[in-house]
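Enquirer: No sequence on hand, only this structure:
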């Protein structure tokens with residue numbers, strides 16, 4: 001999970017290998033767009049390059065969240081969009097949530113693909129060694 005730091009070419013991102021339930025604000029890493037740590041004692045997420053690529057290519061994105069959801073991962077493995085199952089999903093997520101092709105975990109390749117194939121949906125599922133859900137905060 002990361003948040004763009006307004007007015008800077010930097011982001012606040014969760015560290016690698018620390019359980020989210022154990023995180024404190026002191027564990028959050030500040031990283032520049034050059035991938036160099038600015039602040040924090042821990043190693044930033046292996047997905048830092050992915051997050052940076054999103055922020056560099058999508059100026060309308062202010063936060064990135066990736067998760068490892070079982071059912072969303074099934075759709076990514078099948079390379080099929082996730083259909084809305086009821087009206088509340090359509091209202092909040094749109095008719096479908098797009099799926100992006102495989103990309104090696106830790107590389108910016110999936111982010112670049114995502115930036116090029118952005119659809120009207122503001123959530124996209126990315127296929128990779130670690131499956132990620134991207135969300136744009138408005």
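Expert: Yep, that arrived. Bear in mind the structure is a predicted one, so any value in this text is a computation, not a measurement.

Enquirer: CA only for contacts and neighbour counts going forward, please
Expert: Will do.

Enquirer: Surely residue 41 is in a strand?
Expert: No. Read with DSSP: H, G, I helix; E, B strand; the rest coil, residue 41 is coil and lies in no strand.

Enquirer: Look at residue 98 and say how many residues are nearby.
Expert: By other CA atoms under 10 Å, the residues close to residue 98 number 23.

Enquirer: Could you grab the helix/strand/coil label for it?
Expert: Going by three-state DSSP: residue 98 is strand.

Enquirer: Show the pLDDT at it.
Expert: Looking at residue 98, its pLDDT reads 74.

Enquirer: Surely it and residue 82 touch.
Expert: Yes. Taking CA atoms under 8 Å as the definition, residue 98 is a contact partner of residue 82 at 6.7 Å.

Enquirer: so residue 39 makes contact with residue 27?
Expert: No. Between residue 39 and residue 27 there is no contact, the gap being 9.8 Å when judged by CA under 8 Å.

Enquirer: Give me the more crowded residue out of those two.
Expert: Each of residue 39 and residue 27 has its neighbours counted (other CA under 10 Å); residue 27 has more, 19 against 14.

Enquirer: Now for the more buried one: which residues touch it?
Expert: 14-15, 40-42 (CA atoms under 8 Å, 6 or more residues apart in numbering).

Enquirer: Please produce JSON lines containing those, extended by distance to residue 3 and pLDDT.
Expert: Putting those into JSON lines (distance: CA to CA, whole Å; pLDDT from 0 to 100) gives the following:
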{"residue": "14", "distance to residue 3": "9", "pLDDT": "95"}
{"residue": "15", "distance to residue 3": "13", "pLDDT": "95"}
{"residue": "40", "distance to residue 3": "15", "pLDDT": "93"}
{"residue": "41", "distance to residue 3": "18", "pLDDT": "93"}
{"residue": "42", "distance to residue 3": "17", "pLDDT": "96"}
